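1. here are the coordinates; sequence isn't available:
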């Protein structure tokens, strides 16, 4: 099969478009013919070797965490899906490939495109996990850094639907988008604290940092001086500030249940991920470069 592979840490140039052996499912797993794969910031961070503490690499590496596709083969004991089922979920072998092995999957609703399905697993699980860790509830105020990004925008939608007031930081061109999602939009950068306090004079109850732009000290200040209800998914300096860095869920059943719920909300039009560019497999390096630039407008996808 065709796949993107790298054998050392480095820049986009270490990515190779190669033919490798098709993986075989183990007990409880399935093999999926990938139709669309999501591109995430974690992909290039792993490629650089920046997050080995949380996500250790074993070479050769095929990048990619999430996908949507069609079940192609079923391992012994995997009775939850059958060959031919359309599914979405996570892969243990890498999604930048024609075929991937997975066990954390759910069926794709018929009205949901493969592209939109592939945009849900990482963003949905991450957003819900952090909201749960922050224990935000109806009537409280949540500050989301990087609110116009894929994870941030999903967090905004889930929080607003739960009756939470959301203040989202973003560049000015993204403010109309955030308002459409139900958030109060504020511009990031110098003077951010004053802009947040102008709309939330008492500060905020919790902070979700999806940007990783050195905003943790400010976040603690806005949350009343305590790091207890500040969580980041993007700032490796979290421990220096006593802030929790959240890197992934551990309960497969809960993860699958959450994914099924998010797919249901998406097909009903109640949870949307803004889609960006779609790249061919051979252009995976360009996709990661755009992801790393921070200038992608929407979810980046690869179609093997």
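-> Great, that's in hand. What you see is a predicted model, and the numbers here were worked out from it, not measured in a lab.
2. what's the closest non-adjacent residue to residue 175?
-> Distances taken as C-beta to C-beta, 6 or more residues apart in numbering place residue 185 nearest to residue 175, at 3.9 Å, with adjacent residues excluded. Using the backbone N, CA and C atoms, a C-beta is placed for each residue, glycine as well.
3. thought that neighbour was touching residue 173?
-> No: shown here, residue 185 and residue 173 do not form a contact pair, counting by C-beta atoms under 8 Å, at 10.6 Å.
4. what sits against residue 204?
-> By C-beta atoms under 8 Å, 6 or more residues apart in numbering, residue 204 lies in contact with 141-143, 167, 196, 222-223.
5. quick one: end-to-end distance for stretch 232-249.
-> Stretch 232-249 has an end-to-end distance of 14 Å (criterion: C-alpha to C-alpha, to the nearest Å).
6. show the average pLDDT along that stretch.
-> With pLDDT averaged residue by residue, stretch 232-249 scores 90.
7. okay, buried residues for it please.
-> For stretch 232-249, the neighbour count (16 or more other C-beta atoms under 10 Å) marks 232-235, 238, 243-246, 249 as buried.
8. take the residues you listed and keep only those in helices.
-> Per DSSP state H, helices hold no members of the buried residues of stretch 232-249.
9. will you turn these into JSON lines that also has distance to residue 296?
-> Listed next are the buried residues of stretch 232-249 as JSON lines, based on distance: C-beta to C-beta, whole Å:
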{"residue": "232", "distance to residue 296": "20"}
{"residue": "233", "distance to residue 296": "17"}
{"residue": "234", "distance to residue 296": "15"}
{"residue": "235", "distance to residue 296": "19"}
{"residue": "238", "distance to residue 296": "24"}
{"residue": "243", "distance to residue 296": "26"}
{"residue": "244", "distance to residue 296": "26"}
{"residue": "245", "distance to residue 296": "23"}
{"residue": "246", "distance to residue 296": "22"}
{"residue": "249", "distance to residue 296": "24"}
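10. other SSEs contacting the helix or strand residue 220 falls within?
-> Secondary structure from DSSP states H and E places residue 220 in helix 216-222. Here helix 216-222 touches strand 141-145, helix 192-199, strand 206-209, strand 230-232, going by 3 or more C-beta pairs under 8 Å, 6 or more residues apart in numbering; DSSP states H and E.
11. on that earlier part again, ok, the buried residues of stretch 232-249 vs residue 201, which is closest?
-> residue 243 (23.7 Å; C-beta to C-beta).
12. I'd say the closest one and residue 233 touch.
-> No: between residue 243 and residue 233 there is no contact under C-beta under 8 Å: 10.9 Å.
13. quickly list what's touching both of the two.
-> residue 209.
14. what ranges do the helices span in this structure?
-> So, for the chain - with DSSP H - the helices run 41-48, 114-118, 121-134, 150-161, 175-181, 192-199, 216-222, 252-267, 284-293.
15. and the third one, what's buried?
-> Of all the residues in helix 121-134, those buried under the rule 16+ other C-beta under 10 Å are 121-131, 134.
16. just the first one next, same as before
-> Counting neighbours by 16+ other C-beta under 10 Å, one finds that the buried residues in helix 41-48 are 41-47.
17. cool, the longest one as well?
-> Judged by neighbour count using 16+ other C-beta under 10 Å, the buried positions of helix 252-267 are 255-256, 258-260, 262-263, 265-267.
18. and the helices and strands packed on helix 216-222 as TSV, adding distance to residue 34?
-> Shown next, in TSV, are the helices and strands packed on helix 216-222 (distance: least, C-beta to C-beta, whole Å):
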stretch	distance to residue 34
strand 141-145	30
helix 192-199	40
strand 206-209	30
strand 230-232	30
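19. any idea which of these is most buried?
-> strand 206-209 (a mean of 29; mean count of other C-beta atoms under 10 Å).
20. what's that strand packed up against?
-> Counting contacts by 3+ C-beta pairs under 8 Å, 6+ apart, strand 206-209 is packed against helix 121-134, strand 141-145, helix 216-222, strand 230-232.
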